[in-house]
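**Student:** Prediction below, plus the sequence it came from.
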Amino acid sequence: QVQLVESGGGLVQAGNSLRLSCATSGRAFSDYAMGWFRQAPGKEREFVAAVSRSGAGTNYADSVKGRFTISRDNAKNTVYLQMNSLKPEDTAVYYCAADRTYGTTTARVDSYNYDYWGQGTQVTVSS
């Protein structure tokens, strides 16, 4: 069992930055690849970014490439999402999730691969 708690969301103006954090507890953090997903009102949950167990592998949605950076600190059991140049269309509830994958460089994009989910943190970007 893994517990995940997101933080760092808030209201920002377009062009500004936010850093989301996801603190985990329970089973060994390094056993899990980690991902960030988001869900805007009236839309389905979508993939944002993922990082492998080792941190060496990453994946990003095309909509955030070059603006968002995912990272992890295995010593602190925490995954981060640095979001720069935010746009109003980035407004959503952001969720972190844990993927019990055996590949150390695997960073999967499909939500059905993820075993545990946080409660989410709201990010609102005003124009």
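**Tutor:** Sure thing, it's come through. Numbers count the residues shown, from 1 in each chain.

**Student:** CA only for contacts and neighbour counts going forward, please
**Tutor:** Fine.

**Student:** Could you report the distance from the nearest residue to Val109 once chain neighbours are set aside to Arg38?
**Tutor:** Of all residues not flanking Val109 in the chain, Phe47 sits nearest, at 6.0 Å (CA to CA, 6 or more residues apart in numbering). Using CA to CA, to the nearest Å, one gets 7 Å for the distance from Phe47 to Arg38.

**Student:** now do Glu46
**Tutor:** The gap separating Glu46 from Arg38 is 5 Å, by CA to CA.

**Student:** Then Val2?
**Tutor:** Distance from Val2 to Arg38, by CA to CA: 20 Å.

**Student:** Which of these two has more residues huddled nearby?
**Tutor:** With neighbours defined as other CA atoms under 10 Å, Val2 and Arg38 compare such that Arg38 has more, 22 against 16.

**Student:** Could I get the contacting residues of that one?
**Tutor:** Contact analysis of Arg38 by CA atoms under 8 Å, 6 or more residues apart in numbering lists 45-48, 92-95.

**Student:** Could you check how many residues crowd around the nearest residue to it once chain neighbours are set aside?
**Tutor:** Sequence neighbours aside, Tyr94 is the residue nearest to Arg38 in space, at 4.3 Å (criterion: CA to CA, 6+ apart). Using other CA under 10 Å, Tyr94 has 26 neighbouring residues.

**Student:** In this structure Tyr94 contacts Gly118, no?
**Tutor:** No: counting by CA atoms under 8 Å, Tyr94 stays clear of Gly118, with 9.1 Å between them.

**Student:** need the strands for the chain, in chain order.
**Tutor:** 2-7, 10-13, 18-26, 33-39, 46-51, 58-60, 68-73, 78-83, 92-99, 116-117, 121-126 (DSSP state E).

**Student:** Tell me the strands beside the fifth one, with direction?
**Tutor:** Using DSSP bridges, strand 46-51 pairs in its sheet with strand 33-39 (antiparallel), strand 58-60 (antiparallel).

**Student:** residues in contact with it?
**Tutor:** Here strand 46-51 makes contact (CA under 8 Å, 6+ apart) with 33-39, 57-61, 64, 69-72, 106-111.
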